[in-house]
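Student: Generate coordinates for the sequence data below:
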Amino acid sequence: MDKSKRHLAWWVVGLLAVAAVVAWWLLRPAGVPEGFAVSNGRIEATEVDIASKIAGRIDTILVKEGQFVREGQVLAKMDTR
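Tutor: Coordinates of the predicted model:
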């Protein structure tokens with residue numbers, strides 16, 4: 001291989017490297033918008049299924065969704081009719 005072909009080969013390799021860097025820069029994932037955070041982790045749910053011992057309709061719900069409750073706390077009142 002003569003000197004001019006070797007010189008041309010190095011130019012082609014260099015241009016391909018530059019093209020790869022430019023392609024990576026343009027196609028990289030977008031960053032996180034301001035006001036948001038990203039992280040890895042594990043969240044354990046603190047939800048519990050509940051049921052009454054007798055069948056009936058609920059008259060009043062005494063707690064709101066997402067509200068913390070304690071054991072033994074009355075959550076709802078059933079219709080007594």
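Student: any idea which helix or strand carries V22?
Tutor: Under the criterion DSSP states H and E, the helix or strand holding V22 is helix 3-27.
Student: show me the contacts for the residue most central in space within the chain.
Tutor: In the chain, the C-alpha nearest the mean C-alpha coordinate belongs to V38, at 7.5 Å (Cα atoms, centre = their mean). For V38, the contacting residues are V32, taking Cβ atoms under 8 Å, 6 or more residues apart in numbering as the criterion. All C-beta spots, glycine's among them, are computed from the backbone N, C-alpha and C.
Student: And it, its phi and psi?
Tutor: V38 adopts backbone torsions of phi -130, psi 140, taken as degrees, to the nearest 10.
Student: Any stretches of this structure with poor pLDDT?
Tutor: By pLDDT under 70, the low-scoring segments of the chain are 1.
Student: before we move on, back to that, please spell out which residues along the helix holding V22 are buried.
Tutor: Residues of helix 3-27 classed as buried by neighbour count (16 or more other Cβ atoms under 10 Å): none.
Student: After that helix, which helix or strand is next? Please name it.
Tutor: Next helix or strand after helix 3-27 toward the C-terminus (DSSP H and E): strand 58-61.
Student: now for that next one, which elements pack on it?
Tutor: Using 3 or more Cβ pairs under 8 Å, 6 or more residues apart in numbering; DSSP states H and E as the contact definition, the elements that strand 58-61 packs against are strand 76-78.
Student: So what's the gap between the strand it packs on and the chain middle?
Tutor: Averaging C-alpha coordinates over strand 76-78 and over its chain gives two centres that are 36 Å apart (Cα atoms, centre = their mean, to the nearest Å).
Student: can you list contacts of it?
Tutor: Strand 76-78 is contacted by residues S52, I54, G56, R57, I58, D59, T60, I61, L62, V63 when judged by Cβ under 8 Å, 6+ apart.
Student: possible to save these as JSON lines with distance to W25?
Tutor: Listed next are the contacts of strand 76-78 as JSON lines, based on distance: Cβ to Cβ, whole Å:
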{"residue": "S52", "distance to W25": "61"}
{"residue": "I54", "distance to W25": "66"}
{"residue": "G56", "distance to W25": "64"}
{"residue": "R57", "distance to W25": "62"}
{"residue": "I58", "distance to W25": "58"}
{"residue": "D59", "distance to W25": "63"}
{"residue": "T60", "distance to W25": "60"}
{"residue": "I61", "distance to W25": "54"}
{"residue": "L62", "distance to W25": "57"}
{"residue": "V63", "distance to W25": "52"}
